[in-house]
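J.: Sharing a sequence plus its predicted fold:
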Amino acid sequence: MLLMKDIVREGNDVLRKVTDEVTFPLSDETKKLAEDMMTFLKNSQNPELAKKHQLRPGVGLAANQVGVSKAMSAVLIPDADDNIIMEEMLINPKVIRQSVRKVALGEGEGCLSVDRNVPGYVPRANKITIRYQNMDGEFIEKTLKGYEAIVCQHEIDHLNGHLFYDRINQENPFFVETNMLILE
Ligand SMILES: OCN(O)CCCc1ccccc1
Ligand code: NI
């Protein structure tokens, strides 16, 4: 099972490379990696297992965060009552439509690959349509807004070599762009 020791931290070049397109049919190795990534997220959101294995809770994990430069991310988003509202392996994901209107989390963002707090708003499109492939290679288009849109943009950024703090306004980290929504 994947543990925190398997997560690559900032400074490692693999986090700054554009990841390679995933080809189909998936190799057994790639299938296992996808399963391991989703299992990591589930374990990280389970209080007992997270405590037992010292896991930081995560709602997403990109393959390059475990050192594999492939364009795939696991996303596991619970709602306030711990009901899963999104459980997807995003393979070769692309944002094909995005709103002009931006959104940012009021408490900023964090990252399993960044062992420090970097304060500031991370402006992202409030509404996006993504096109990706599932584990069978089928193309799926999904429209997301608010928190789900934020998480998926955070993951797709990873696959393109970006980290959340690249998007924080350096002059004024809490600058609110015109019409930007702040999500508390
Ligand atoms: O790449 C995933 N990871 O570092 C875990 C944190 C994910 C995440 C945290 C805050 C806002 C959006 C996404
Ligand atoms: Ni991250």
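T.: Great, that's in hand. Ligands and ions are numbered 1, 2, ... in the order given.

J.: which bits of the protein sit near ligand 1?
T.: 58-62, 65, 105, 109-113, 150-151, 154-155, 158 (C-beta under 6 Å from any ligand atom). For every residue, glycine as well, the C-beta is placed using N, CA and C.

J.: Let's see which of the residues you listed end up in helices.
T.: 150-151, 154-155, 158 (DSSP state H).

J.: Could you pull up the residues touching Val98?
T.: That one is not Val; residue 98 is Gln. 125, 127-129 (C-beta atoms under 8 Å, 6 or more residues apart in numbering).

J.: TSV for the residues you listed, including secondary structure, neighbour count and pLDDT?
T.: Listed next are the contacts of Gln98 as TSV, based on DSSP: H, G, I helix; E, B strand; the rest coil; neighbours: other C-beta atoms under 10 Å; pLDDT from 0 to 100:
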residue	secondary structure	neighbour count	pLDDT
Ala125	strand	19	98
Lys127	strand	15	99
Ile128	strand	21	99
Thr129	strand	16	99
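
J.: Show me the residue sitting in the middle of the protein in space.
T.: Glu155 (2.7 Å; C-alpha atoms, centre = their mean).

J.: so it makes contact with Val59?
T.: No: at 9.2 Å, Glu155 does not count as touching Val59 under the criterion of C-beta atoms under 8 Å.

J.: sorry, back to before: which residues sit in contact with the residue nearest to the residue nearest to the centre of the chain when sequence neighbours are not counted?
T.: Computed as C-beta to C-beta, 6 or more residues apart in numbering, the closest residue to Glu155 that is not its neighbour in sequence is Ser73, at 3.8 Å. Ser73 is in contact with 37, 60-63, 89-90, 93, 155-156, 158-159, counting by C-beta under 8 Å, 6+ apart.

J.: Most neighbours among those, which one?
T.: Highest neighbour count within the contacts of Ser73, by other C-beta atoms under 10 Å: Ala62, with 30 neighbours.

J.: Pick the one among the ones in helices among the residues of the chain next to ligand 1 closest to Gln45.
T.: Val151 (13.0 Å; C-beta to C-beta).

J.: What score does the closest one have for pLDDT?
T.: Val151 is assigned 98 on the pLDDT scale.

J.: Over to Pro78?
T.: On pLDDT, Pro78 comes in at 97.

J.: Excluding chain neighbours, give the residue nearest to it in space.
T.: Closest residue to Pro78 apart from its sequence neighbours, by C-beta to C-beta, 6+ apart: Ile84 at 5.6 Å.

J.: Need the CA coordinates for stretch 168-182. PDB is fine.
T.: Extracted in PDB, the C-alpha atoms of stretch 168-182 (Å, rounded to 0.1, in the frame of the first residue of the first chain):
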ATOM      1  CA  ILE A 168      -1.100  32.600  -5.700                       C
ATOM      2  CA  ASN A 169      -0.800  36.400  -6.400                       C
ATOM      3  CA  GLN A 170       2.800  37.100  -5.300                       C
ATOM      4  CA  GLU A 171       2.200  40.800  -4.700                       C
ATOM      5  CA  ASN A 172      -1.000  40.200  -2.700                       C
ATOM      6  CA  PRO A 173      -1.700  36.600  -1.800                       C
ATOM      7  CA  PHE A 174      -5.300  37.400  -0.800                       C
ATOM      8  CA  PHE A 175      -6.100  39.600  -3.800                       C
ATOM      9  CA  VAL A 176      -9.700  39.000  -4.900                       C
ATOM     10  CA  GLU A 177     -10.100  39.100  -8.600                       C
ATOM     11  CA  THR A 178     -13.200  40.700 -10.100                       C
ATOM     12  CA  ASN A 179     -16.300  38.500  -9.500                       C
ATOM     13  CA  MET A 180     -14.200  35.800  -7.800                       C
ATOM     14  CA  LEU A 181     -16.100  33.600  -5.400                       C
ATOM     15  CA  ILE A 182     -14.500  32.700  -2.100                       C
END
